[in-house]
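Novice: dropping the sequence and predicted coords here.
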Amino acid sequence: MSFIAKIAEKILMFTKPDYMDSKEKADEFLASKKDKSPKSIFKSFDFNGMEVFQFGNKTSSDRTIIFIHGGAYVGEINYQHYIFCYLLARKLNAYVLAPAYPLAPKHTYKESFNLITQLYKEYSDDNIVLAGDSAGGGFVLSFCQHLNRINLAQPDNIIVFSPWVDVSMSDSYDSKLDPILGEAGLREMGKSWAGDLNTMDYKVSPLFGDNENLAKTLIFVGDNEIFYKDVLKYVENLKSSNVDHRLIVGKGLFHIYPLFPIPEARDAFKEIKHEIM
C-alpha cells in the first residue's frame, strides 16, 4: 500500500457517511433522497428517458464500454465516475457510455434492468465491454447472468471494481476498518433496491446466480474492504463454472481503489489494458 493510498484512506475514514454504520441514519437518508438529475460538464444524450453520459469518439474508438456507476444504488453518478470514464476513454481508445440509471428508493432494479437491456441491445454489435464499480459492478455481474436467460450474447469482457455481489449482506462483516462502507447502511439500501424481490435473487445479488458461459471477467478488490470475503466467494463460483477470469487483490487497499488518484490505480489501468487490448 503506497504512502499516498494511506493518506487517501485516512481522508476517506474521516469523511465516511454516518448512514453507513447506522440503520436509523440509513433509513433517514433513504427517506430524504430526492430525484435529482446529475449535472455535468460532460456531453450526454437522452435514451428512453435516461440520461447517458458519453466520453471519447465512437467513430474512431476500438471498443464501446458501458460503465455502470456505483453508489449503493442510491447515489447519483458523480465526478469521480466522470473522471474515471474519461480516463478509460483516453487510455483505452474507447467510446464510454455511463448511464444515469434510475435509483432507489424511488426505483428498484426492475426499471434499471429494462433500460440497460435496451441500451445494451443498441450497442451489442460493437466490440463491447461491460464495467462497473461497487453496486455498479454487482449490477454488471447480475446483468450478464440475466443475458443468458434472455438469450442475448455476452459482452466481449466484464471488468468490475469491488463489486457488491450480495445485497442481502448474508455473512458477518466488520466495517470498522472500511473507510467508505458500513454493513448497517448497505443492508437497508440493498432492501430498497430489491423492492419486492428476495435480496438473495441473482438480479440483485449475483453471488447466488448462475455464471455458466459468462464472459471473460476481470475483478479488482481491496483486501481491507467489507466486500472482500463475498468477492472471494463469487470468484470460487466462477471457478466452478469454468469462467475465464482474473482476480486482482489490492493488498491493504480499500473499496474501489482503482478509481482514486493513487499509484495503485496506474497499475490497475495497465491490467485493464492488458485484459482487453
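Specialist: Good, I have the coordinates.
Novice: when you work out contacts or count neighbours from here on, use the C-alpha atoms and nothing else.
Specialist: Noted.
Novice: so how far is Phe161 from Leu253?
Specialist: Distance, Leu253 to Phe161, using Cα to Cα, to the nearest Å: 12 Å.
Novice: quick one, which of these two is more surrounded?
Specialist: Phe161 (26 against 21; other Cα atoms under 10 Å).
Novice: how about stretch 70-78, which residues are buried there?
Specialist: Of the residues in stretch 70-78, 70, 72-74, 76-77 count as buried by neighbour count, 16 or more other Cα atoms under 10 Å.
Novice: and the end-to-end length of that stretch?
Specialist: 9 Å.
Novice: same question for stretch 247-262.
Specialist: 20 Å.
Novice: and that stretch, average pLDDT?
Specialist: Regarding stretch 247-262, the rounded mean pLDDT is 94.
Novice: go on, stretch 206-214?
Specialist: pLDDT averaged over stretch 206-214 gives 97.
Novice: pull it out as CSV, backbone CA atoms only.
Specialist: Output in CSV follows, covering the C-alpha atoms of stretch 206-214 (Å, rounded to 0.1, in the frame of the first residue of the first chain):
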residue,chain,number,x,y,z
PRO,A,206,-25.0,-12.2,-8.4
LEU,A,207,-23.3,-14.3,-5.7
PHE,A,208,-26.4,-16.6,-5.8
GLY,A,209,-26.7,-16.6,-9.6
ASP,A,210,-25.6,-18.9,-12.5
ASN,A,211,-22.3,-18.0,-14.1
GLU,A,212,-22.3,-20.5,-16.8
ASN,A,213,-21.0,-19.1,-20.1
LEU,A,214,-20.2,-15.7,-18.5
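Novice: and for that stretch, what's in contact with it?
Specialist: 138, 141-142, 144-145, 148, 154, 165-166, 200-203, 230, 233-234, 237-238, 241-243 (Cα atoms under 8 Å, 6 or more residues apart in numbering).
Novice: mind giving me the ChimeraX select for those, buried ones only?
Specialist: In ChimeraX, a selection of the buried entries from those looks like this (16+ other Cα under 10 Å):
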select :138,141,142,144,145,148,154,165,166,200,201,202,203,230,234,237,238,243
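Novice: quick one on the thing from earlier: pick out the most distant pair among the buried residues of stretch 70-78.
Specialist: Ala72 and Ile77 (11.0 Å; Cα to Cα).
Novice: just the strands in the stretch 101-250 of the chain please.
Specialist: When assigned using DSSP state E, counting those that start in this stretch, the strands of the stretch 101-250 of the chain occupy the ranges 128-133, 157-161, 216-222, 245-250.
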